[in-house]
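In: Sequence isn't available, so here's the structure alone:
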């Protein structure tokens, strides 16, 4: 994982800590909380929260940049998911598989 530039951290650190303390950073894994931002798209009338590849690390309590090739499942979990029919996978499972395959 790479460290973000210090000017990013100065701009967003307090807001991310506030979100974390109020449980607004709902996407997380064992290592970090994932930050999101609202984006408006032409397909939907309401904004969608998308990951911005910035997170707060649990172990060091620092702001980190997550490379797009980061994945959150192990090889064993990946193989178990690939055994199941694709129809049974929800959106988040498909996303985890996609990230792993990158």
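Out: Ah, there it is. As the structure is a computational prediction, the values presented were derived from the model and not from experiment. Numbers count the residues shown, from 1 in each chain.
In: Which residue ranges make up the domains of the protein?
Out: The chain breaks down into these domains under automatic domain parsing: 1-67, 71-102.
In: Of those, which shows the lowest average pLDDT?
Out: Mean pLDDT values for the domains of the chain show the minimum at domain 1-67, a mean of 67.
In: what about residue 36, which SS state?
Out: strand (DSSP: H, G, I helix; E, B strand; the rest coil).
In: For residue 16, see how far away it is.
Out: Here residue 36 is placed at a distance of 10 Å from residue 16 (C-beta to C-beta, to the nearest Å). For every residue, glycine as well, the C-beta is placed using N, CA and C.
In: which stretches of the chain form helices?
Out: 6-21, 75-83, 91-101 (DSSP state H).
In: quick one: residue 14 from residue 56, how far?
Out: With C-beta to C-beta as the criterion, residue 14 and residue 56 are 12 Å apart.
In: and residue 96, how many neighbours?
Out: By other C-beta atoms under 10 Å, the residues close to residue 96 number 19.
In: can I assume it is in contact with residue 81?
Out: Yes: Residue 96 lies in contact with residue 81 (C-beta atoms under 8 Å); the separation is 7.5 Å.
In: which neighbours do the two share?
Out: Common contact partners of residue 96 and residue 81 (C-beta atoms under 8 Å, 6 or more residues apart in numbering): residue 73.
In: one step back: redo the helices of the chain as JSON lines? Include distance to residue 45.
Out: Output for these, formatted as JSON lines (distance: least, C-beta to C-beta, whole Å):
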{"stretch": "helix 6-21", "distance to residue 45": "24"}
{"stretch": "helix 75-83", "distance to residue 45": "32"}
{"stretch": "helix 91-101", "distance to residue 45": "19"}
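In: Can you say which of those helices is nearest to residue 48?
Out: If you check each of the helices of the chain against residue 48 by C-beta to C-beta, helix 91-101 wins as the nearest, at 11.7 Å.
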